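Visitor: coords please:
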Amino acid sequence: MRDAGNGLVPKPKVPRPKEKDSGELPGIWVAYGRLLQHLRKRAGLSQQALGTAIGYSLEQVASVEQGRRPAKEAFTAAVERVLGGGGVLAVLQDDVDRAKLPRFFRNFAQIEADVVSRFSYDPLLVPGLLQTEAYARAVFGGHCPPFSEEVIDQHTEGRLSRQKLLTREPLAELSFIVGEEALRDPVGGPEVMRAQWQRLLEAGAMRNVEVQVMPAGRGFHPGKNGPFVVLETVEHQHLGYFESQGVGCIVHDPTDVSAFGLRCGKLRSQALNVEESARLIERLAGET
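Guide: Predicted coordinates:
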């Protein structure tokens, strides 16, 4: 294109769509904070006065109100008691906790919270629903690029909050197959693993939980293609899920989910049974 003076006129630049800010505050934290502020002002309390009444600092109360920091369950319980919230903040707690999880995982975590049944195969790490706090911190602490201490804290809290699924009513049917390599890899060091083995034994003793170990040296099996999850929702819809390198994918296609289910059955038949698995974990704990 040329102008009247026969000079070149540059093509107009089309603005690129802005990428979503990775530091954007989760909407649920902001909404919780606004509701907290409303309840506090209705009660005629300053941030300092509320903090004193519930045993938290002014800075902590202000951070939660501004949505910069997620409220923990103990914080919410204290605020409800002092402000007489009637449960309006408590009902948001699960959503606040889920927003502490890595962004790619949140949609799946919301589905997972209400499942009827859940099966998973984890060859390299203890599944998140069975991890101790120390093990989870070691996993998030090894992330590349590194997480800040604040993010490690939040992701760990979010992961531990997911574990309500093990005991919530009605009970969900939960089955975990864990690779022997995951049990022998000293994530976090010997003390962390000792507590982690004990946690697996305790979880396996629950009446709605099965823990099986896929022994090393079995040769090729369907799990060699990587970890995956198969679950059934309260609407009896079957879904699959898998992730790798910080990218997660929820699988809806019935054909693909059916294939996941077939692999699930094959793995359960090839792994050690529940009793044999418990004895292997006990042996590992006894070797340290």
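Visitor: Can you tell me the closest non-neighbouring residue to Val30?
Guide: With C-beta to C-beta, 6 or more residues apart in numbering as the measure, Gly67 is the residue that lies nearest to Val30, at 3.6 Å, once sequence neighbours are left out. (Each C-beta comes from the backbone N, C-alpha and C, glycine too.)
Visitor: give me the number of residues near that neighbour?
Guide: Neighbour count of Gly67, defined by other C-beta atoms under 10 Å: 18.
Visitor: cool, Arg283 as well?
Guide: Neighbour tally, Arg283, other C-beta under 10 Å: 10.
Visitor: got it, and Glu276?
Guide: Glu276: 13 neighbours (other C-beta under 10 Å).
Visitor: In terms of helices and strands, where is it?
Guide: helix 274-287 (DSSP states H and E).
Visitor: Check Ala195 too.
Guide: Here Ala195 is assigned to helix 190-204, by DSSP H and E.
Visitor: Just the CA coordinates for that helix, please, in PDB.
Guide: Below are the C-alpha coordinates for helix 190-204, written out as PDB (Å, rounded to 0.1, in the frame of the first residue of the first chain):
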ATOM      1  CA  PRO A 190      14.000 -42.000  54.400                       C
ATOM      2  CA  GLU A 191      11.900 -40.400  57.100                       C
ATOM      3  CA  VAL A 192       9.400 -39.000  54.700                       C
ATOM      4  CA  MET A 193       9.100 -42.400  53.000                       C
ATOM      5  CA  ARG A 194       8.700 -44.200  56.300                       C
ATOM      6  CA  ALA A 195       5.700 -42.100  57.100                       C
ATOM      7  CA  GLN A 196       4.400 -42.400  53.500                       C
ATOM      8  CA  TRP A 197       4.500 -46.300  53.700                       C
ATOM      9  CA  GLN A 198       2.500 -46.100  56.900                       C
ATOM     10  CA  ARG A 199       0.000 -43.800  55.300                       C
ATOM     11  CA  LEU A 200      -0.500 -46.300  52.500                       C
ATOM     12  CA  LEU A 201      -1.100 -49.100  54.900                       C
ATOM     13  CA  GLU A 202      -3.600 -47.100  56.900                       C
ATOM     14  CA  ALA A 203      -5.500 -46.100  53.700                       C
ATOM     15  CA  GLY A 204      -5.500 -49.700  52.400                       C
END
